[in-house]
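[1] coordinates only, sequence not included:
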């Protein structure tokens, strides 16, 4: 039996260790300046669904979540792609509900820009992002996470393009009418559906980026064969560090991405960064299933109680940097960027990257690993802007 005093000391040491780890990550003045003086694009922030579920005014400081205007300014973030996230529920698919929800969340982003026009502006092109940066405004770009709102109608693709959506994650955690999902063991289409294949072509033609995060490996390679423009993985990390986690990308996929000219935007969520965090999540799920089988009703604080007994293995900033390093070493500096998944991964963010004020820490880490200012700027926005401009140019000719 462990003595209470021993347990208290152990907890105290653990907390002290974590606090020390947090304190060791200090961005230099140069790192802060570089973050603020560069267009900083993060291709996946889940503010729209966060405020849809529980409204809060992110034009001001907030007490929860990972994003608000003051923290974005502190971190140098000036061009987030706000995720128009549609849950992968069967009741949404093909019944008008996903189309409605997507429009409502786009409305909420427009409302932010209208409520604080001195701080925010809607960006629907690379030129908008560059001009708004010069004006000192935070660009709100938008991507759609889960193509469910297209509902099998190309007219809806044009509708959402006209409303400002500039990338579509073809599927989410379940297969839909467009594509199989990496999370769904039922591979209905063995990749893309017939409509999904036509959609890829039409997305190319109108200048909409194709997002390969979340889709199955077969669907990924089919997109690679079909797309005439570079694609993005808006919030994915590497399978090298999370073996067996299909949601991330393996080395062969990275090589195919280079050939396509696309870019992988690294996800910060700990389960995307380390296998240990992923295993923790699987163990929690297994424990809950065992409790249910015994006929016991799960309490509201079950997860919190489990976490207290089994501390979550947060990833570190260094481990996030390892993902960036591997992409650069395997396929080059021109194919990697940032897709944090802030406001989308809950309390699983790495030490040193806890919210949108933390980007200078990432910049400092890159500087410490001898990345040049030029290369850091490519990671912060240059690579994504290149891809976006190529899509825009292709659309002008089609």
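    Done, it's in. All of these numbers come straight from a predicted model, not from anything done at the bench.
[2] Tell me the secondary structure at residue 139.
    strand (DSSP: H, G, I helix; E, B strand; the rest coil).
[3] again but with residue 223, I slipped
    From three-state DSSP, the assignment for residue 223 is helix.
[4] Can you name the residues that contact it?
    Residues near residue 223 by C-beta atoms under 8 Å, 6 or more residues apart in numbering: 170, 192, 200, 210, 212, 215, 231. No exception for glycine: its C-beta is placed from N, CA and C like everyone else's.
[5] The fourth one - nearest residue in space that isn't next to it in sequence?
    In space, and not counting its chain neighbours, residue 210 is closest to residue 231: 4.5 Å by C-beta to C-beta, 6 or more residues apart in numbering.
[6] Quick one: end-to-end length of stretch 286-299, please.
    16 Å (C-alpha to C-alpha, to the nearest Å).
[7] ok so, going back, which phi and psi does the residue nearest to residue 210 have?
    phi -110, psi 170 (degrees, to the nearest 10).
[8] same check, this time on the one 3 residues further on
    Dihedral pair for residue 234: phi -70, psi -30, per degrees, to the nearest 10.
[9] residue contacts, it?
    43-44, 81, 143, 145, 167, 169, 211, 213, 265, 339.
[10] Where does pLDDT dip in the stretch 251-398 of the chain?
    Counting by pLDDT under 70, the stretch 251-398 of the chain contains no low-confidence residues.
[11] hey, where'd the strands end up in it?
    263-266, 336-338 (DSSP state E, counting those that start in this stretch).
[12] Distance-wise, check the nearest residue in space to residue 170 that is not next to it in sequence relative to residue 357.
    Nearest residue to residue 170 in three dimensions, chain neighbours excluded: residue 179, at 4.2 Å (C-beta to C-beta, 6+ apart). Distance, residue 179 to residue 357, by C-beta to C-beta, to the nearest Å: 35 Å.
[13] Looking at these two now, which is surrounded by more residues?
    residue 179 (33 against 19; other C-beta atoms under 10 Å).
[14] Okay, and the beta partners of the more buried one?
    Residue 179 has these beta-bridge partners by DSSP bridges: residue 192.
[15] Go through the contacts of residue 223 and flag which are in helices.
    residue 200 (DSSP state H).
[16] just checking, the residue nearest to residue 210 touches residue 256?
    No - using C-beta atoms under 8 Å, residue 231 is not in contact with residue 256; the gap is 9.8 Å.
[17] what do these two both touch?
    In contact with both residue 231 and residue 256: residue 224, using C-beta under 8 Å, 6+ apart.
[18] Now do the strands in the stretch 51-200 of the chain.
    Counting by DSSP E, counting those that start in this stretch, the stretch 51-200 of the chain has strands at residues 79-85, 120-122, 138-145, 165-169.
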